[in-house]
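Engineer: A predicted structure for the sequence below; I have some questions about it.
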Amino acid sequence: MDEKKIIQIAVVVNDLDKALPGYAKMLYPGPWDIYNLAPPLLQDSTYMGKPAEWSALLALAWVGDRHFEIIQPLKGPNVYYDHLEKKGEGLHHIKELTKDCQAALQEYEKKGIKVIQSGRIDKDEFYYLDTFDTLGFYYEIGNNGEIPGPDRRWSL
């Protein structure tokens, strides 16, 4: 497996519009790209190993050379609602960039770590791994592929 490169830190919240000003004041004033992550933008979505239709509202901003992401679940079941139920708002996942998601998934599988949620947005594929009980948050891998522009932008 290649050297790990963490490209994203994400939190989950109950209300993105209420949370965004606080994160913007602390971390980055903007612009934040806001996406409604739902079909048809979200494709090939799974949850617990089965095809599933879930959705979330998310805001993304580059802070240095990393994404900071704020996620509000909209429709589930999904790992975002799971986190809110188990721990409330807060750190949800960190994301590792990988060029070959399938090879990386095989390496994690050898360690007994399975995918619990996945999806694709255009050329960007992402996989959440079942690390919550071990790490206290989820671990995501993805290729950081090209995605369409945001639904809207927000700044302080």
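Structural biologist: Ah, there it is.
Engineer: When you work out contacts or count neighbours from here on, use the C-alpha atoms and nothing else.
Structural biologist: OK.
Engineer: contacting residues around stretch 77-97?
Structural biologist: Residues from elsewhere that reach stretch 77-97, judged by C-alpha atoms under 8 Å, 6 or more residues apart in numbering: 4-14, 47, 54, 71-73, 116-117, 137-144.
Engineer: err, stretch 39-57, not the other one
Structural biologist: With C-alpha under 8 Å, 6+ apart as the test, stretch 39-57 has contacts from 16, 34-38, 71-79, 115-122.
Engineer: Show me where this structure has its strands.
Structural biologist: In the chain, the strands defined using DSSP state E lie at 5-12, 32-37, 42-47, 50-51, 55-63, 66-75, 90-97, 115-121, 124-129, 138-142, 152-154.
Engineer: Now render these as JSON lines, adding mean neighbour count and distance to residue 23.
Structural biologist: Shown next, in JSON lines, are the strands of the chain (neighbours: other C-alpha atoms under 10 Å; distance: least, C-alpha to C-alpha, whole Å):
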{"stretch": "strand 5-12", "mean neighbour count": "19", "distance to residue 23": "10"}
{"stretch": "strand 32-37", "mean neighbour count": "20", "distance to residue 23": "10"}
{"stretch": "strand 42-47", "mean neighbour count": "18", "distance to residue 23": "25"}
{"stretch": "strand 50-51", "mean neighbour count": "12", "distance to residue 23": "33"}
{"stretch": "strand 55-63", "mean neighbour count": "20", "distance to residue 23": "10"}
{"stretch": "strand 66-75", "mean neighbour count": "21", "distance to residue 23": "9"}
{"stretch": "strand 90-97", "mean neighbour count": "21", "distance to residue 23": "12"}
{"stretch": "strand 115-121", "mean neighbour count": "21", "distance to residue 23": "25"}
{"stretch": "strand 124-129", "mean neighbour count": "21", "distance to residue 23": "23"}
{"stretch": "strand 138-142", "mean neighbour count": "23", "distance to residue 23": "20"}
{"stretch": "strand 152-154", "mean neighbour count": "14", "distance to residue 23": "12"}
